[in-house]
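A.B. asks: model this:
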Amino acid sequence: MSSKIISNIKKELEEVISYFRKEISKVHVSRATPSLVEDLLIEYADQKMPLQQLASIGCPSPREIRIQPWSKEYIKPIEKAISESDLDLNPQSQEKIIYIKLPKLSEERRDQINKVISQKAEEARETVRHWWDEGWDRIKEKFNEDEITEDEKFKLKEKLQELIKEYREKINEIKENKQKEIKGE
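C.D. replies: All right, here's what the predicted structure looks like:
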């Protein structure tokens with residue numbers, strides 16, 4: 001029963017990593033990827049929908065995103081959402097297709113992106129710290145209710161610390177890989 005605490009915390013930490021990966025994938029680097037725009041909210045007919053529900057998204061080349069809306073009525077709202085986003089992208093439409101050419105990153109833009117990545121990594125680490133606190137509180141609660149012994153309490157604390165360390169390292173690895181991608185390595 002007490003190891004259930006650790007497995008529950010591990011599930012939560014997996015969600016933290018999954019969310020962090022998704023957020024990092026949205027950060028604009030010099031390589032085109034559908035994840036850069038697929039979750040942009042498009043306002044159409046008094047509703048907001050993610051772009052991926054209104055169009056197919058592909059990358060015909062490493063520096064280009066191609067968006068093919070299901071209906072040509074979506075073109076203007078999609079262009080508007082992309083232009084007004086904080087992605088700093090300029091969509092161009094030709095007939096029924098929207099193209100986005102990704103510019104090469106300037107040193108200033110690389111620095112901005114690195115700051116965003118560091119901020120998102122810190123948010124993920126803060127969430128991991130929250131789950132450390134939550135896990136440790138649950139372990140102490142089990143001990144105070146005489147459901148586990150003092151030895152079990154410290155063994156669980158040690159397992160929890162190892163788990164937290166593992167997930168902090170995962171966050172750092174994801175962050176470093178994204179920063180290498182930005183440098184073009």
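
A.B. asks: how about low-confidence regions in this protein?
C.D. replies: Residue ranges of the chain with pLDDT under 70: 1-2, 28-31, 184-185.

A.B. asks: got the domain boundaries for it?
C.D. replies: Using automatic domain parsing, the domains assigned to the chain come out as 2-25+106-183, 34-101.

A.B. asks: now mean neighbour count too, for those domains, in a markdown table please.
C.D. replies: C-beta here means a position set from N, CA and C on the backbone, and glycine is covered the same way. As requested, the domains of the chain are arranged in a markdown table below (neighbours: other C-beta atoms under 10 Å):
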| stretch | mean neighbour count |
| --- | --- |
| domain 2-25+106-183 | 15 |
| domain 34-101 | 15 |
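
A.B. asks: and the residue positioned nearest the centre of the chain, how far from Asn90?
C.D. replies: Among the residues of the chain, Glu23 comes closest to the average C-alpha position under C-alpha atoms, centre = their mean, at 1.8 Å. Counting by C-beta to C-beta, to the nearest Å, the gap from Glu23 to Asn90 is 23 Å.

A.B. asks: which residues touch stretch 170-185?
C.D. replies: For stretch 170-185, contacts defined as C-beta atoms under 8 Å, 6 or more residues apart in numbering pick out 17, 20-21, 24, 27, 29-31, 105, 110, 113-114, 117-118, 121, 124-125, 128.

A.B. asks: distance from the chain centre to it, please.
C.D. replies: 13 Å (C-alpha atoms, centre = their mean, to the nearest Å).

A.B. asks: again, but for stretch 129-136
C.D. replies: The answer for stretch 129-136 is 21 Å, by C-alpha atoms, centre = their mean.

A.B. asks: just the helices in the protein please.
C.D. replies: Assigned by DSSP state H, the chain shows helices spanning 2-25, 75-84, 107-144, 150-183.

A.B. asks: between the third one and helix 2-25, how many degrees?
C.D. replies: Angle of helix 107-144 versus helix 2-25, following axes from the mean of the first three to the mean of the last three C-alpha atoms, to 10 degrees, is 170 degrees.

A.B. asks: tell me what angle helix 107-144 forms with helix 150-183.
C.D. replies: Using the same axes, to 10 degrees, the inter-axis angle of helix 107-144 relative to helix 150-183 is 170 degrees.

A.B. asks: for helix 107-144, name the packing helices and strands.
C.D. replies: Judged by 3 or more C-beta pairs under 8 Å, 6 or more residues apart in numbering; DSSP states H and E, the packing partners of helix 107-144 are helix 2-25, helix 150-183.

A.B. asks: can I get the ones you listed in JSON lines with distance to Pro69?
C.D. replies: Shown next, in JSON lines, are those (distance: least, C-beta to C-beta, whole Å):
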{"stretch": "helix 2-25", "distance to Pro69": "22"}
{"stretch": "helix 150-183", "distance to Pro69": "29"}
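
A.B. asks: any idea which of those helices gets closest to Tyr74?
C.D. replies: Tyr74 lies closest, by C-beta to C-beta, to one member of the helices and strands packed on helix 107-144: helix 2-25, at 23.3 Å.

A.B. asks: nice, that's everything, thank you.
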